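1. my questions are about this predicted structure, shown below with the sequence.
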Amino acid sequence: MSNSTRPSLYLAGSTNAGSAALLAALALLTAAGYLVSTPTDVAGIEDVETLTAVMAADVDAFDAASAVVALPDSDDVWEVVAAHSLGVPVVSVADALAWAAQ
């Protein structure tokens with residue numbers, strides 16, 4: 001868990017072409033005061049060492065999160081599946097925003 005006083009979230013969803021849904025959710029959650037990590041877009045990475053480092057950083061960010069925020073249609077991405085398996089809360093953007101307002 002992060003040593004910051006702000007809750008840390010991992011935003012799970014498509015990174016394809018700077019996904020508009022991901023970018024919009026990121027803006028909303030950040031404005032609500034969350035520290036938000038997102039999956040790294042791995043398109044175009046061609047060497048194993050770089051891909052391994054990027055994936056390790058994503059796993060570290062996931063591990064540090066208080067909850068995973070799942071975008072619509074992201075039920076089968078690894079972050080959501082892993083969160084369910086590990087007992088990490090999985091919430092919607094709306095639920096995370098409501099949580100911040102408490």
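-> Arrived safely, thanks for sending. What you are looking at is a predicted structure, and each value in this text was computed from that prediction instead of being measured. Numbers count the residues shown, from 1 in each chain.
2. break down the protein into its helices, ranges please.
-> Assigned by DSSP state H, the helices in the chain fall at 20-31, 48-64, 78-86, 93-101.
3. how about those in a markdown table, adding mean pLDDT?
-> Formatted as a markdown table, the helices of the chain follow (pLDDT from 0 to 100):
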| stretch | mean pLDDT |
| --- | --- |
| helix 20-31 | 92 |
| helix 48-64 | 93 |
| helix 78-86 | 93 |
| helix 93-101 | 91 |
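4. in JSON lines: those, plus mean neighbour count and distance to Asp41.
-> The way it works is simple: take the backbone N, C-alpha and C, and place the C-beta from them, glycine included. Listed next are the helices of the chain as JSON lines, based on neighbours: other C-beta atoms under 10 Å; distance: least, C-beta to C-beta, whole Å:
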{"stretch": "helix 20-31", "mean neighbour count": "16", "distance to Asp41": "10"}
{"stretch": "helix 48-64", "mean neighbour count": "13", "distance to Asp41": "9"}
{"stretch": "helix 78-86", "mean neighbour count": "16", "distance to Asp41": "14"}
{"stretch": "helix 93-101", "mean neighbour count": "15", "distance to Asp41": "20"}
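5. right, so of these, which gets closest to Pro7?
-> Closest to Pro7 of the helices of the chain is helix 93-101 (C-beta to C-beta; 7.8 Å).
6. ok so, going back, tell me which of the helices of the chain lies nearest to Thr40.
-> So among these, helix 48-64 is nearest, using C-beta to C-beta, at 4.8 Å.
7. list the contacts of the closest one.
-> Outside helix 48-64, the residues that touch it by C-beta atoms under 8 Å, 6 or more residues apart in numbering are 1-2, 8, 10, 37, 39-40, 42, 45, 68, 79, 82-83.
8. can you give the distance of it from its chain's centre?
-> 13 Å (C-alpha atoms, centre = their mean, to the nearest Å).
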